[in-house]
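Colleague: Kindly generate the corresponding structure for this input.
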Amino acid sequence: MKQKKLTFILVFAGIVTIACSQNCENRNVITGAEQTEKYLPLLKGKKAGIMGNQTSVVGKKHLVDVLLENGVDLKFVFALEHGFRGTVERGEEISNEVDAKTGLPVFKLYRGNDKADSIVNSVDILIFDIQDVGARFYTYVVGMHRLMQLCADNNKPLILLDRPNPNGEQVDGPVRNDDRFKSDVSFHKVAMIHGLTIGELAQMINGEGWLNNGAQCDITIIPLQNYTHSTPYELPVIPSPSLPNHLSVRLFPLLCLFEATDFSIGRGTDFPFQVIAYPNPLFGDFTFTPGTRTGMVSHVEQKGNLCYGIDLRELNPNDIKFSLKYILDFYKKSQQIEGFNFFTRPDFFNKLAGNAELQEQIKNGLGEEEIRASWKEELTEYKAMRKKYLLYEDFE
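Modeller: Purely as a prediction, here's the structure:
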């Protein structure tokens, strides 16, 4: 493996107030993007491109506006799933366009771009600043990987502005260790709940040689200040249309497996990723009918159907930990209906899980303790590997 190139920018104490409704710890955390004094000098006199979205903020300003106000010669934006402004729903095609506010060209990188190399070669340096939520199936990390690959292939340096992981106090679930299940929702050989910031994951990608041919990205990480993996953190900007609040971000790792079924988890309502239901009273007393919401038009499970299930909105977000209890409970209930097909997209479920075993374990009636025992060894190995790349004090 080649020697990895990694630069750390050390910063000093300061306090920045970030709007938060529940977790006052947010007020002490300083994101990489907020430390302009550390990365603006690195951009002086250089043509730059950025991969960003609506979470790329400096206080109440978008990072792109801050860069332009400070004279950075910004040439383009790379957009991922959900688009540059965060209004495109899951899986929808991202097209090349011009950002109406800034006039910057926006190029898609979600699912690739045939002209990406020439786009990258039009600048001297790249910037990455996008909020992750700490679950392997959240696709923004794939965009970071592809940008790192482009930078490595074209000998371009990358500045990564780190952000907190709102589920960063957990490392849990099976590790994706079989390339048969590699996809945009299970791209890296990490635990389902990986316990890394985006900067730490970038270190892992370099350190484990996961770029093609073991290539190394010349990356400068602007680390967080006043953050540990035990710090509760509520995102100041929603990361995507279907994660509208802190509760949905905390429930996302538990409910995303339902995406491979026909159960509604609230898309097409005002409370996505905060409910579980199906058009049958067997599944609960709480009722709602999924409809149409901005950014959720094309992918609404049970749209127009009265659904019965459970409402999770009374839960305390900070008490939520990863568990299989909901998927196991709803599968068990579904088997009371003759001929019920729970896993309507079995291949996609395996991609979300990162293996084929979890689906079979659920079908065979195994309990959560038995299932957890099956991934204990690989999870222990992953945790040991993870510690090599941590930038912040761990929760253990």
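
Colleague: if I pick Ala260, what's in contact with it?
Modeller: Phe343, Thr344, Arg345, Pro346, Phe348, Phe349, Leu352 (CB atoms under 8 Å, 6 or more residues apart in numbering). Glycine gets a C-beta too; all of them are placed from N, C-alpha and C.

Colleague: Return the members of those classed as buried.
Modeller: Phe343, Phe348, Phe349, Leu352 (16 or more other CB atoms under 10 Å).

Colleague: which residue packs closest to Met148, ignoring adjacent ones?
Modeller: Leaving aside its chain neighbours, Met148 sits nearest to Cys217 (4.0 Å; criterion: CB to CB, 6 or more residues apart in numbering).

Colleague: can you pull out the helices in the chain?
Modeller: Along the chain, the stretches classed as helices by DSSP state H are 36-43, 63-69, 116-120, 140-153, 198-207, 246-255, 325-334, 346-353, 357-363, 368-387.

Colleague: Could you dump those into TSV with distance to Arg293 and mean pLDDT added?
Modeller: Output for these, formatted as TSV (distance: least, CB to CB, whole Å; pLDDT from 0 to 100):
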stretch	distance to Arg293	mean pLDDT
helix 36-43	35	98
helix 63-69	26	95
helix 116-120	32	93
helix 140-153	21	95
helix 198-207	28	98
helix 246-255	13	98
helix 325-334	22	98
helix 346-353	23	97
helix 357-363	30	98
helix 368-387	33	98
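
Colleague: Would you tell me which of these gets closest to Pro166?
Modeller: Closest to Pro166 of the helices of the chain, according to CB to CB: helix 246-255, at 5.1 Å.

Colleague: what angle do the closest one and helix 325-334 make?
Modeller: With axes from the mean of the first three to the mean of the last three CA atoms, to 10 degrees as the basis, helix 246-255 and helix 325-334 are set at 60 degrees to each other.

Colleague: what does helix 246-255 rub up against?
Modeller: 21-23, 133-135, 138, 166-167, 170, 172-173, 192-193, 234-235, 239, 242-243, 265, 271-274, 276, 312-313, 315, 317-318, 320, 322-323, 325-326.

Colleague: Taking the contacts of Ala260, tell me the two that lie furthest apart.
Modeller: Thr344 and Leu352 (13.1 Å).

Colleague: residues in contact with the residue lying closest to Ala353 once chain neighbours are set aside?
Modeller: Distances taken as CB to CB, 6+ apart place Pro174 nearest to Ala353, at 6.2 Å, with adjacent residues excluded. By CB under 8 Å, 6+ apart, the residues touching Pro174 are Ala191, Met192, Ala353, Gly354, Asn355, Glu357, Leu358, Ser374, Trp375, Glu378, Leu379.

Colleague: Okay, now the unreliable bits of the stretch 51-200 of the chain?
Modeller: Applying pLDDT under 70 to the stretch 51-200 of the chain flags the ranges 81-83, 85-96, 110-114.

Colleague: again, 80 this time
Modeller: Within the stretch 51-200 of the chain, the ranges that satisfy pLDDT under 80 run 81-101, 108-114.

Colleague: Would you mind confirming that Thr55 is in contact with Gln131?
Modeller: Yes. Using CB atoms under 8 Å, Thr55 is in contact with Gln131, at 3.6 Å.

Colleague: which residues do these two both contact?
Modeller: Taking CB under 8 Å, 6+ apart as the contact rule, Thr55 and Gln131 both touch Arg163, Leu235, Val237, Pro239.

Colleague: Can you report how many residues neighbour the closest residue to the third one other than its chain neighbours?
Modeller: What it means is Val237. Among residues not flanking Val237 along the chain, Thr55 sits closest, at 4.8 Å (CB to CB, 6+ apart). By other CB atoms under 10 Å, 23 other residues sit near Thr55.

Colleague: Please tell me how far Thr55 sits from Leu243.
Modeller: 11 Å (CB to CB, to the nearest Å).

Colleague: same check, this time on His188
Modeller: 20 Å.

Colleague: hmm, who's touching stretch 263-271?
Modeller: Outside stretch 263-271, the residues touching it (CB under 8 Å, 6+ apart) are 242, 244, 248, 255, 258-259, 272-278, 288, 290-293, 296, 299-303, 307, 309, 311, 313, 330.

Colleague: Please apply the same query to stretch 389-396.
Modeller: So stretch 389-396 is contacted by 162, 168-169, 196-197, 199-201, 203-204, 207, 221, 223-224, 227-230, 387 (CB under 8 Å, 6+ apart).

Colleague: Just the buried ones from these?
Modeller: When these are checked for burial by 16+ other CB under 10 Å, the buried set is 162, 168-169, 196-197, 199-201, 203-204, 221, 223-224, 227-229.
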